[in-house]
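**Student:** Model the structure of this input:
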Amino acid sequence: MQQDGVETSGGSFREVETDTVEPDTRKVRMSVVIKDSPELCFGVNPFNPHSARPTDLIGGTSKKELRRRLGQSCPRVPGVYGMLDRHGRLIYVGKSKSLRSRLGSYFADSNADEKGGRIIENTRAILWETQPSDFAALVREQQLIRRFSPRWNVQGVPKRQRPVYLCLGRVPAMFFLTAEPPADCVAVEGPFHGAGRMKRAVDSLNKVFRLRDCGQKQVFHFAEQLELFSMEYRPGCLRFEVGTCSGPCAAGCTRSDYDLQVNAAESFLDGFNDEPLAMMREQFARAMKHQQYELAGRAHHTVKSLEYVERKLKLLASARRRFTFIYAVPGYDGCGIWYLIHSGEIADAIAAPRSNRVDSDLEVKLREWSAMTQKQLQRGHGLYPYTLPLVASWFRKNRSELDQAFPIADAAKHFRKVKQSA
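**Tutor:** Residues are numbered from 1 along each chain as shown. Here you go, the predicted structure:
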């Protein structure tokens, strides 16, 4: 095996070559396959307390060539991978417990007409970065998708499956959906999947809490605003007249009245207010009683949408309340990691101790963690708020992993345990 490499800001990059190729069929070098690529590695990983992990890359001018080289060099260990097109652009990022098995599945004949088959048809190079565990790979995958937004991750899926965030914000505040939440929102939750049902949920939420849903170009007039001349403002839509909007555009409420409605909406996001579901279920029952089946059908779809949103919100709220601990994750290569989970979010990470002795650096770090976790985080106030859904989903699907979690105060008791399992 022969390797050429260059150093990058995120670690080392290794171009994988083989010596088993006849001279007349020698591979096109990576400098040709990815000559326009701005990135030869995945960059810095804020949750990797060990030395930077190398990125391996293979390339070829055909799918057959890529598949053969993959079988020669890709390991069967956890990690993340990226697909590059003929121009060197990163078009897809994924993760797996076994990189070789997952990447090999893209070349299966049964996958030809699926999303994976379409991705591999556009791929000219594959790069991967091993990770010490499946959880580390999951966290790394989320980072890379957020950082690079590869088109097959954010655009290459059916519209109904694209992740969206439920936001409460803008001025005056309202519920709306976005693929990338803005920073100045009152509250952001998600991601949720299913654009159609989320649109129905947002429409219902704005109506139940009597929040506006008009554009930002609409001029707003609250009842307490003083005017030189008495004027009667016309509402911008019919919602004020039918009682599903507070009417901030037509002086139908004061600013404080509207803020009370926003607070009630925020309590729904915190999982403490089931008013929207109760109202829609009542509307469904009333429509069925009067044999208004078309109205009942619409109400039924809205109820299902709100039930999905409520389940997800309760899952996230539960993670915020319950998950504050150290999560010790052993690594297949000895690179175990202790993750600090604070109010359901990943807050920090250190290399798992390899002895049962508490050194001074570790003592300092544990004191920092203890001080950091004295107060429960409010929604989205951590450094990495986007990790909350990942953590909540991980422990819901892998309940036995909670056996690897322990309070910060009990850290010293777990040194020997971590050493044995690393």
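
**Student:** rest of the way, CA atoms for contacts and neighbours
**Tutor:** OK.

**Student:** check contacts around the residue nearest to residue 261 when sequence neighbours are not counted.
**Tutor:** Excluding its sequence neighbours, the residue lying closest to residue 261 (CA to CA, 6 or more residues apart in numbering) is residue 209, at 5.9 Å. Residues in contact with residue 209 (CA atoms under 8 Å, 6 or more residues apart in numbering) are 244, 245, 261, 262, 264, 265.

**Student:** Where neighbours are concerned, which of these has the most?
**Tutor:** residue 265 (26 neighbours; other CA atoms under 10 Å).

**Student:** Figure out the helix or strand that that one lives in.
**Tutor:** helix 255-269 (DSSP states H and E).

**Student:** Quick one: list the elements packing against that helix.
**Tutor:** strand 187-193 (3 or more CA pairs under 8 Å, 6 or more residues apart in numbering; DSSP states H and E).

**Student:** hmm, who's touching the strand it packs on?
**Tutor:** 160-169, 181, 198, 266, 269, 309, 312-313, 379-380, 389.

**Student:** from the residues you listed, which ones fall inside helices?
**Tutor:** Mapping the contacts of strand 187-193 onto helices (DSSP state H) picks out 198, 266, 269, 309, 312, 313, 389.

**Student:** which of the residues you listed sit farthest apart?
**Tutor:** Farthest apart among those by CA to CA are 266 and 389. That separation is 18.0 Å.

**Student:** Can you spell out the domain ranges of this structure, please?
**Tutor:** 2-154, 160-321, 323-421 (automatic domain parsing).

**Student:** Relative to residue 308, how far out is the residue nearest to residue 261?
**Tutor:** Distance from residue 209 to residue 308, counting by CA to CA, to the nearest Å: 18 Å.

**Student:** Residue 152 now?
**Tutor:** From residue 152 over to residue 308 (counting by CA to CA), the distance is 26 Å.

**Student:** if we can go back for a sec, format the domains of the chain as TSV; extra columns: mean pLDDT.
**Tutor:** Shown next, in TSV, are the domains of the chain (pLDDT from 0 to 100):
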stretch	mean pLDDT
domain 2-154	79
domain 160-321	89
domain 323-421	86
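
**Student:** Would you mind pulling the contact partners of the helix holding residue 265?
**Tutor:** 168, 173-174, 187, 189, 205, 209-211, 222-224, 246, 248, 273-274, 313.

**Student:** now the strands: where do they sit in the protein?
**Tutor:** For the chain, the strands defined by DSSP state E occupy 2-8, 11-17, 55-59, 79-84, 90-96, 125-130, 163-169, 174-178, 187-193, 325-329, 337-342, 345-351, 405-406.

**Student:** With respect to residue 281, which of those strands lies nearest?
**Tutor:** Nearest to residue 281, of all the strands of the chain, is strand 174-178, at 20.4 Å by CA to CA.

**Student:** measure stretch 82-92 end to end?
**Tutor:** 6 Å.

**Student:** buried sites along that stretch?
**Tutor:** Neighbour-count burial for stretch 82-92, counted by 16 or more other CA atoms under 10 Å, picks out 82, 83, 84, 85, 86, 88, 89, 90, 91, 92.

**Student:** Which single one of those is nearest to residue 59?
**Tutor:** residue 84 (9.0 Å).

**Student:** Do I have it right that that closest one meets residue 66?
**Tutor:** No. Taking contacts as CA atoms under 8 Å, residue 84 lies outside contact range of residue 66: 11.8 Å.
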